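Student: Requesting a structural model of the entry that follows:
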Amino acid sequence: MEIWKKPISLEILNRTSANTLIEHLNIVYSEIGDNFISATMPVCHFTHQPLGMLHGGASVVLAETLGSVAANFCVDDDSYCVGLDINANHIRSMREGHVTGKAEPLHLGVSTQVWQITITDPRGRLVCTSRLTMAVQKAKNNKQKLNSGV
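Tutor: Predicted structure coming up:
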């Protein structure tokens, strides 16, 4: 069953990244399903921590990006979502290549949403798993909508 309440496409999603941390980390939305969104992120000098491995904070940025954007496409035009809590378990280290994150809803409620985000390496091995809780708020004005115009 499709969960999206607003028009959604890879073009729309990638357009929301302009002039943000998402663009800076070269996170690119790569797939949309009826109940998930995926994106890739490079593992390289700008996503490394000082020991030359993928920074856990970069993984959390990917996870929160996916869950937050997905959450905002699951609410009506008069609502928006903001993060309440995120946790992450870093399972496997990486030094190069790319990771793929996939956000899927665990709960889509009236006042909260909970998203599970899995981040894997190119071989499908788990690198990080994260859970994101979102608050659903009523929009007070049009400025609180995604900068894509939706």
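Student: which one is Ser130 nearest to, not counting chain neighbours?
Tutor: Ala63 (3.7 Å; C-beta to C-beta, 6 or more residues apart in numbering). For glycine as for every other residue, the C-beta is placed from the backbone atoms N, C-alpha and C.
Student: name the element that neighbour belongs to?
Tutor: helix 56-72 (DSSP states H and E).
Student: List the buried residues of whatever helix or strand comes next after that helix.
Tutor: Counting by DSSP H and E, the element after helix 56-72 in chain order, helix or strand, is strand 79-90. Of the residues in strand 79-90, Ser79, Tyr80, Cys81, Ile86, Ala88, His90 count as buried by neighbour count, 16 or more other C-beta atoms under 10 Å.
Student: Would you mind giving these as CSV with pLDDT and distance to Ser17 added?
Tutor: Below are the buried residues of strand 79-90 laid out as CSV (pLDDT from 0 to 100; distance: C-beta to C-beta, whole Å):
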residue, pLDDT, distance to Ser17
Ser79, 96, 22
Tyr80, 97, 17
Cys81, 98, 17
Ile86, 98, 19
Ala88, 98, 21
His90, 98, 24
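Student: mind listing the helices for this protein?
Tutor: Applying DSSP state H to the chain gives helices spanning 10-15, 21-24, 56-72.
Student: now the ones you listed in TSV, with mean pLDDT, mean neighbour count and distance to Ala39?
Tutor: Output for the helices of the chain, formatted as TSV (pLDDT from 0 to 100; neighbours: other C-beta atoms under 10 Å; distance: least, C-beta to C-beta, whole Å):
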stretch	mean pLDDT	mean neighbour count	distance to Ala39
helix 10-15	96	16	8
helix 21-24	96	15	9
helix 56-72	98	23	6
